[in-house]
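J.: Structure here, sequence nowhere to be found:
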């Protein structure tokens with residue numbers, strides 16, 4: 001199996017993949033990962049071209065293109081051997097850079113045309129975490145990227161990679177790096193486990209006990225499904241009022257509705273208590289109107305019609321819900337850790 005994985009700089013993609021590689025090895029799966037960025041420096045050294053991590057993006061675009069092409073030729077030369085010797089091969093690189101306030105391609109069509117991935121991934125992270133990471137690097141300190149710029153760059157990275165998947169007619173997933181590596185493992189090696197999106201009220205909950213209930217519920221839900229959890233990439237509050245930058249809010253809506261729900265076959269909404277949540281209502285509606293199964297766990301038998309209208313199944317407790325999974329659907333809990 002071959003996967004093409006992208007993300008923007010500072011997102012934590014490399015760290016996640018290294019942890020995933022160890023996790024897969026523990027489960028007797030051999031994974032080979034090509035980090036194209038590192039390979040570019042190796043190719044430059046072989047060619048006698050002096051570049052450093054601090055100045056690489058200042059290099060002539062034609063030079064970068066040649067080095068990147070050489071890196072991919074190396075991957076292609078070993079592809080047949082890699083497929084025989086490994087359970088999974090991952091090619092990890094960027095689709096776009098944002099440098100000097102300009103978006104620039106980090107791929108070329110010839111190399112991309114030779115790749116025949118079985119799956120496409122884009123890793124994402126909280127923009128605040130990316131900003132902190134980039135500010136700790138000499139290369140990126142002078143760029144002083146704003147939170148808005150990071151969010152827009154991340155959006156471009158995901159949408160470009162999604163377009164490649166569409167053209168190739170292969171699955172595409174957006175994966176927050178704070179999701180457990182078991183999420184990626186299940187997507188790849190356990191395709192029989194259904195991928196679902198879990199929705200829950202967040203903004204209007206005040207009691208810590210309710211947040212603890214959500215955490216406990218999702219932990220148990222992960223035994224039955226591959227769960228995409230929006231808490232793993234939750235953003236801070238956006239400024240409100242006329243004329244304020246609403247990028248954070250807009251990106252949150254895009255992420256949950258058009259990435260995480262889209263890539264899930266089912267949306268399961270969990271209310272630890274009776275609460276108002278415009279976000280959950282909109283998520284249920286999006287799932288409903290895109291032909292997804294929608295299930296709701298709600299602590300009262302009669303909720304608002306604007307919640308229950310979009311639900312195919314309604315449960316009044318976690319106990320009732322998990323009993324349905326095991327007794328009616330015959331699902332068995334599967335712990336992968």
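T.: Ah, there it is. Quick caveat: nothing in here was measured; it's all calculated off a predicted structure.

J.: Spell out the residue ranges of the strands in the chain.
T.: Secondary structure of the chain by DSSP state E: the strands cover 2-6, 31-35, 88-93, 96-99, 102-105, 119-124, 172-176, 195-199, 226-228, 266-270, 293-297, 313-315.

J.: quick one: buried residues of stretch 27-46?
T.: Taking 16 or more other C-beta atoms under 10 Å as the neighbour-count basis, stretch 27-46 is seen to contain the buried residues 29, 31-37, 39-41, 43-44. In this view, the C-beta of every residue, glycine as well, is placed from N, C-alpha and C.

J.: What is the nearest of these to residue 69?
T.: For residue 69, the nearest member of the buried residues of stretch 27-46 is residue 43. The distance, counting by C-beta to C-beta, is 9.0 Å.

J.: these two touch, right, the closest one and residue 73?
T.: No - contact between residue 43 and residue 73 fails when scored by C-beta atoms under 8 Å: they sit 9.3 Å apart.

J.: Pull up the per-residue confidence for the residue of the chain most remote from its centre.
T.: No residue in the chain has its C-alpha farther from the mean C-alpha position than residue 48, which lies at 37.0 Å (C-alpha atoms, centre = their mean). For residue 48, the pLDDT comes out at 89.

J.: again with residue 55
T.: In this prediction, residue 55 carries a pLDDT score of 85.

J.: The strands of the chain: which one's closest to residue 67?
T.: With distances scored as C-beta to C-beta, the stretch of these nearest to residue 67 is strand 88-93 (12.2 Å).

J.: partners of that closest one, with directions?
T.: The strands beside strand 88-93 in its sheet (DSSP bridges) come out as strand 2-6 (parallel), strand 31-35 (parallel).

J.: what comes into contact with stretch 107-114?
T.: 65, 68, 69, 72, 73, 76, 93, 94, 95, 164 (C-beta atoms under 8 Å, 6 or more residues apart in numbering).

J.: okay if I get those residues as a markdown table plus pLDDT, neighbour count and distance to residue 278?
T.: Below are those laid out as a markdown table (pLDDT from 0 to 100; neighbours: other C-beta atoms under 10 Å; distance: C-beta to C-beta, whole Å):
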| residue | pLDDT | neighbour count | distance to residue 278 |
| --- | --- | --- | --- |
| 65 | 90 | 17 | 47 |
| 68 | 92 | 21 | 44 |
| 69 | 92 | 14 | 48 |
| 72 | 92 | 22 | 46 |
| 73 | 92 | 14 | 51 |
| 76 | 91 | 12 | 49 |
| 93 | 94 | 22 | 38 |
| 94 | 94 | 22 | 35 |
| 95 | 94 | 22 | 33 |
| 164 | 95 | 18 | 34 |
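
J.: Among the residues you listed, which one sits closest to residue 18?
T.: The closest of the contacts of stretch 107-114 to residue 18 turns out to be residue 93 (C-beta to C-beta; 15.4 Å).

J.: what's the distance between that closest one and residue 153?
T.: 15 Å (C-beta to C-beta, to the nearest Å).

J.: still on that earlier bit, nearest to residue 248, out of the strands paired with strand 88-93?
T.: Nearest to residue 248, of all these, is strand 2-6, at 22.1 Å by C-beta to C-beta.

J.: if we can go back for a sec, out of the strands paired with strand 88-93, which gets nearest to residue 266?
T.: Closest of these to residue 266 is strand 2-6, at 23.3 Å (criterion: C-beta to C-beta).

J.: Mind putting the contacts of stretch 107-114 into a markdown table with distance to residue 228?
T.: Output for the contacts of stretch 107-114, formatted as a markdown table (distance: C-beta to C-beta, whole Å):
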| residue | distance to residue 228 |
| --- | --- |
| 65 | 35 |
| 68 | 31 |
| 69 | 35 |
| 72 | 30 |
| 73 | 36 |
| 76 | 32 |
| 93 | 23 |
| 94 | 23 |
| 95 | 21 |
| 164 | 21 |
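
J.: Quickly name whichever of those residues is closest to residue 19.
T.: Taking C-beta to C-beta as the measure, residue 19 lies nearest residue 93 of these, at 18.6 Å.

J.: Can you give me the distance of the nearest residue to the closest one once chain neighbours are set aside to residue 168?
T.: In space, not counting the residues next to it along the chain, residue 93 is nearest to residue 36; the distance is 3.7 Å by C-beta to C-beta, 6 or more residues apart in numbering. Using C-beta to C-beta, one gets 18 Å for the distance from residue 36 to residue 168.

J.: Would you mind measuring from the residue nearest to residue 225 when sequence neighbours are not counted to residue 187?
T.: Distance criterion C-beta to C-beta, 6+ apart; nearest residue to residue 225, sequence neighbours excluded, is residue 196 at 4.5 Å. Using C-beta to C-beta, we find residue 196 at a distance of 12 Å from residue 187.

J.: between the two, which one's more packed in?
T.: Between residue 196 and residue 187, counted using other C-beta atoms under 10 Å, residue 196 has the larger neighbour count: 23 against 20.

J.: Isn't the more buried one up against residue 267?
T.: Yes - judged on C-beta under 8 Å, residue 196 makes contact with residue 267 at a distance of 6.8 Å.
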